[in-house]
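Asks: have a look; sequence and predicted model below, questions after that.
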Amino acid sequence: MSSSRLVFLLIVLSLFIGGMAQILHRHFTLGVPLIPSEQRQVWFIDANIDFDAIKGSVVASLALPETQTGYTLLREDLISPGFGVSVISTQNHRRAEWTIAEARGPQKLYYKIQVAADNHIVSPPAPPPPQDAANPPLFIDDALQQAIDQIVLEATKKSAGPLSFTRQIIKFLTRDSPEQNVELLRASFDSGDLLITFLTQGNIISRRVYGLELEDGRRRQRLKDYVEVYADEKWYFFDPRTGEEGKPENLLLWGQGATSILDVTGGRNSKLTFSILRQEQNALRSVLTQLDDLGQDRFSIYRLPLEDQALLKGMFLIPIGAIVIVFLRVIVGIRTSGTFMPVLLAVAFIQTELAPGLISFVLIVGTGLFVRSYLSRINLLLVPRISATIIVVIGLTILFTLLSQQMGFENIQNFAFFPLIIMSWTIERMSILWEEEGPKEVLIQSLGSLAAASLAYTLMATPIVRHLSFNFLGFQPILLSFILLMGQYTGYRLTELRRFRFLTGDK
């Protein structure tokens, strides 16, 4: 293999790999869907805070959820009539804080969020908390302490590390027929406090976390508490009530890393409840909103004005038509009038639709050929003849547009979308071809051009192709790599094989 051939293949391979890398990055890292019709579950969650304010100033603080494994926070709103509100971010978590100088009686505060189910989001591993600050100690009398010590001793004998110790403790606490010591402890503490107490006694790093079970149409839901255990440099999730290990799929962690969920100063009888509603939304729209809010897609085409977006959307379709024409001319061997005139026709068909576009093309070119034959008989020079043809094509476009409007053919009114200069050159080219090769060759090239334009239009109008070309810029270098490869093809075209069919022995 020559060095120039090797360099060419490396260029083609680089274009293909670079385009695929960009597509895979946008899909798997940024979450942009590959299919335009893909739907995404979006959860609408309202957190309602109720409390009775004692006369005086009030400060209410609520731990907030964040984007986490499996869920992306799309939007949040804090509603607080008469209250000042701010979001305070620390290294580990965020909190919303409502403040008012004077309040008395029942108060209501609202926190609304939209959360999208997103399998592409994976939270980074959280570091362990300091050993002495992981969990506040509970008050335990001597009788309870003896029961705890006995269970810890039994669990230690049957364990070989933090995880096995935790599993042994959970077995003790969740038995259907618990021992007397366990019954005494379960009557004194809730399941979460009790499990954390045992883990603290066993010098296991653990923490309490809260989660909201996402279920469509539920009201007045409350957070459930869970326990996470730190082992092997990561956190393991446990349900202290059932002993199940692993985070449920429909669980949204709330205020992860916070020592408390709701704190109200200057009020009493505080209560936090949730209402949940699920909706299906277009995945592309929600992902783009997410990327825009997070500032992760600074070079997005969607940041441009709508007019520029519409222009680029049409430009990105041209390579689709180009690869169709290259394939039909180089591999299949279809003859067309001009190299990329069918591509421009396909772009015009996008605006006019296929059937009206074909009728428009035949009317303009047919009438233009008749006028061009007259210009040829009066022996006009080339430049005046082309200029006159352009003016005639413009006049025909205006005339057919007005006539179609008067006749009520709405879909055939878009004659103006055809490239007028290209149409003029097509008429000139076909006229010369008629004179040199005859009407048969004109018919072959005209039908070939219309067939190629129709095929290119069919591909360009496919929703998934339009989606990929506009949302994944890596699609363009991939098309270029295939065009370069086809450009090196020097074998027989498919239409030429018919000339040599006798070589196969067929009669």
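Replies: Nice, thanks for sending it over.
Asks: and stretch 52-72, C-alpha only, in CSV?
Replies: Provided in CSV are the C-alpha atoms of stretch 52-72 (Å, rounded to 0.1, in the frame of the first residue of the first chain):
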residue,chain,number,x,y,z
ASP,A,52,-47.8,27.4,63.6
ALA,A,53,-45.7,30.6,64.1
ILE,A,54,-45.2,31.9,67.6
LYS,A,55,-45.5,35.7,67.6
GLY,A,56,-42.2,37.1,66.5
SER,A,57,-39.5,36.3,63.8
VAL,A,58,-39.5,33.0,62.1
VAL,A,59,-36.7,31.1,60.3
ALA,A,60,-37.6,27.9,58.4
SER,A,61,-34.8,25.8,56.8
LEU,A,62,-35.4,22.9,54.4
ALA,A,63,-32.8,20.6,53.0
LEU,A,64,-33.0,20.4,49.2
PRO,A,65,-32.5,17.5,46.8
GLU,A,66,-29.9,17.6,44.1
THR,A,67,-29.1,15.9,40.8
GLN,A,68,-28.2,12.3,41.7
THR,A,69,-27.8,8.9,40.2
GLY,A,70,-30.9,8.2,38.0
TYR,A,71,-32.5,11.6,38.4
THR,A,72,-31.8,15.1,37.1
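Asks: ok, now how distant is the closest residue to Pro319 other than its chain neighbours from Ile323?
Replies: Distance criterion C-beta to C-beta, 6 or more residues apart in numbering; nearest residue to Pro319, sequence neighbours excluded, is Leu479 at 4.6 Å. Quick note: C-beta positions are derived from backbone N, CA and C, even for glycine. Taking C-beta to C-beta, to the nearest Å as the measure, Leu479 falls 5 Å from Ile323.
Asks: for Val85, same thing?
Replies: In terms of C-beta to C-beta, Val85 sits 55 Å off from Ile323.
Asks: in terms of packing, which of the two has more residues around it?
Replies: Between Val85 and Ile323, Ile323 has the larger neighbour count (other C-beta atoms under 10 Å), namely 18 against 15.
Asks: in this structure that one contacts Leu484, no?
Replies: No: Ile323 is beyond contact range of Leu484, at 10.6 Å (criterion: C-beta atoms under 8 Å).
Asks: re earlier: so which bits of the helix or strand containing the residue nearest to Pro319 are buried?
Replies: If you go by DSSP states H and E, Leu479 is part of helix 475-487. Judged by neighbour count using 16 or more other C-beta atoms under 10 Å, the buried positions of helix 475-487 are Phe475, Gln476, Pro477, Ile478, Leu479, Leu480, Ser481, Phe482, Ile483, Leu484.
Asks: count of residues packed around Leu317?
Replies: Residues near Leu317, counting by other C-beta under 10 Å: 23.
Asks: from the contact counts, what lies against the longest helix seen in the chain?
Replies: Looking across the chain with DSSP state H, the single longest helix is helix 382-407. Helices and strands touching helix 382-407, by 3 or more C-beta pairs under 8 Å, 6 or more residues apart in numbering; DSSP states H and E, are helix 354-377, helix 420-437.
Asks: out of the ones you listed, which is closest to Ile49?
Replies: helix 354-377 (58.4 Å; C-beta to C-beta).
Asks: mean confidence for the closest one?
Replies: Helix 354-377 comes out with an average pLDDT of 80.
Asks: same check, this time on stretch 58-78
Replies: Averaged across stretch 58-78, pLDDT comes to 87.
Asks: what do you get for stretch 222-235?
Replies: In the prediction, stretch 222-235 has an average pLDDT of 88.
Asks: any buried residues in that stretch, and which?
Replies: For stretch 222-235, the buried set under the neighbour-count rule, 16+ other C-beta under 10 Å, comprises Leu223, Lys224, Asp225, Tyr226, Val227, Glu228, Val229, Tyr230, Ala231, Trp235.
Asks: among those, which lie within strands?
Replies: Within the buried residues of stretch 222-235, residues falling in strands by DSSP state E are Lys224, Asp225, Tyr226, Val227, Glu228, Val229, Tyr230, Ala231, Trp235.
Asks: give me the nearest residue to the fifth one, chain neighbours excluded.
Replies: Closest residue to Glu228 apart from its sequence neighbours, by C-beta to C-beta, 6+ apart: Trp235 at 4.4 Å.
Asks: quick check: bridge partners of the one you found?
Replies: Per DSSP bridges, residues listed as beta-bridge partners of Trp235: Tyr230.
Asks: picking that back up, in JSON lines: the buried residues of stretch 222-235, plus distance to Leu74.
Replies: Shown next, in JSON lines, are the buried residues of stretch 222-235 (distance: C-beta to C-beta, whole Å):
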{"residue": "Leu223", "distance to Leu74": "21"}
{"residue": "Lys224", "distance to Leu74": "23"}
{"residue": "Asp225", "distance to Leu74": "26"}
{"residue": "Tyr226", "distance to Leu74": "24"}
{"residue": "Val227", "distance to Leu74": "29"}
{"residue": "Glu228", "distance to Leu74": "26"}
{"residue": "Val229", "distance to Leu74": "31"}
{"residue": "Tyr230", "distance to Leu74": "30"}
{"residue": "Ala231", "distance to Leu74": "33"}
{"residue": "Trp235", "distance to Leu74": "25"}
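Asks: any idea of the mean pLDDT in stretch 490-498?
Replies: In this model, stretch 490-498 carries a mean pLDDT of 76.
Asks: just stretch 313-322 next, same as before
Replies: Averaging pLDDT along stretch 313-322 gives 87.
Asks: got the CA coordinates for stretch 29-41 in PDB?
Replies: Only the C-alpha atoms of stretch 29-41 are listed here, as PDB (Å, rounded to 0.1, in the frame of the first residue of the first chain):
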ATOM      1  CA  THR A  29     -22.500  12.000  28.700                       C
ATOM      2  CA  LEU A  30     -25.000  14.800  28.000                       C
ATOM      3  CA  GLY A  31     -28.100  12.500  27.500                       C
ATOM      4  CA  VAL A  32     -29.200  13.800  24.100                       C
ATOM      5  CA  PRO A  33     -31.500  11.100  22.700                       C
ATOM      6  CA  LEU A  34     -30.700   9.300  19.400                       C
ATOM      7  CA  ILE A  35     -34.400   8.900  18.600                       C
ATOM      8  CA  PRO A  36     -36.500  12.100  18.200                       C
ATOM      9  CA  SER A  37     -39.700  10.500  19.500                       C
ATOM     10  CA  GLU A  38     -38.000   9.300  22.800                       C
ATOM     11  CA  GLN A  39     -40.000  10.200  25.900                       C
ATOM     12  CA  ARG A  40     -38.700  10.900  29.300                       C
ATOM     13  CA  GLN A  41     -40.400  10.600  32.700                       C
END
